[in-house]
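sequence-free structure coming up:
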């Protein structure tokens, strides 16, 4: 079974985090929600989520992917947290998958793991760098880096992760069951 870590820092985007966690779990992926500096993490819109563990206990050897939800405050916290940044670098060094949605590709860039082609929330590319940015796709896959645009693309992003880590058959079944024809 594939295993994915979703780090949550104060100010994360709730729709993105919960949609990703939900879709991946429905797809048969073991998802570990890791709190950054706290067990009860409050998102950008005041919704609090209880983490499964602390990020300091998460190691790349036990994972297939790390995926970051957006939200500016959460993204900045992920970009500034040494443990998260080292985990992302370790994932890249081990040729494993990393992903980010909305503002969070900024944290991938901070770790030096953002690929040449990416997408993000409109205007965030101003802080990341416009080279390689596209707004033409809901999800961009470039080697072992997956990125997506924002809250409205979170289900599509979760499905793309399921397709990558679990396979086409599960992806199709899940997409149909979620009525996600727009993905």
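The structure has been received and is ready for your questions. Remember, predicted model here, so these are calculated numbers, not experimental data. Numbering: from 1, shown residues only.

which residues does the most centrally placed residue in the chain contact?
Centroid-nearest residue in the chain, with C-alpha atoms, centre = their mean: residue 67, separated by 2.6 Å. Residues near residue 67 by C-beta atoms under 8 Å, 6 or more residues apart in numbering: 4, 5, 6, 20, 98, 99, 100, 101, 146, 161. Quick note: C-beta positions are derived from backbone N, CA and C, even for glycine.

On the three-state scheme, the last one is what?
Under DSSP: H, G, I helix; E, B strand; the rest coil, the three-state class of residue 161 is helix.

my guess is it meets residue 65, correct?
Yes - with contacts counted by C-beta atoms under 8 Å, residue 161 reaches residue 65, the gap being 6.9 Å.

Which one of these two is surrounded by more residues?
Higher neighbour count among residue 161 and residue 65: residue 161, with 28 against 22, using other C-beta atoms under 10 Å.

ok, back up a step: in which helix or strand would I find the residue nearest to the centre of the chain?
strand 65-68 (DSSP states H and E).

Now for residue 116, how many residues are close by?
Neighbours of residue 116 under the rule other C-beta under 10 Å: 10.

what's the overlap in contacts for residue 161 and residue 65?
4, 99.

Can you give me the distance of the residue nearest to the centre of the chain to residue 57?
Separation of residue 67 from residue 57 (C-beta to C-beta, to the nearest Å): 18 Å.

just checking, next helix/strand downstream of the helix or strand hosting residue 86?
Element membership of residue 86, judged by DSSP H and E, is helix 82-93. As assigned by DSSP H and E, the chain's next helix or strand after helix 82-93 is strand 97-101.

can you give me the offset of stretch 28-41 from its chain's centre?
12 Å (C-alpha atoms, centre = their mean, to the nearest Å).

no no, stretch 10-26
9 Å.

Give me the contact list for it.
Contacts for stretch 10-26 (C-beta under 8 Å, 6+ apart): 4, 6, 8, 31, 33, 36-38, 41-45, 47, 49, 67, 69-77, 101-103, 150-151, 154-155, 157-159, 161-162, 174, 177-178.
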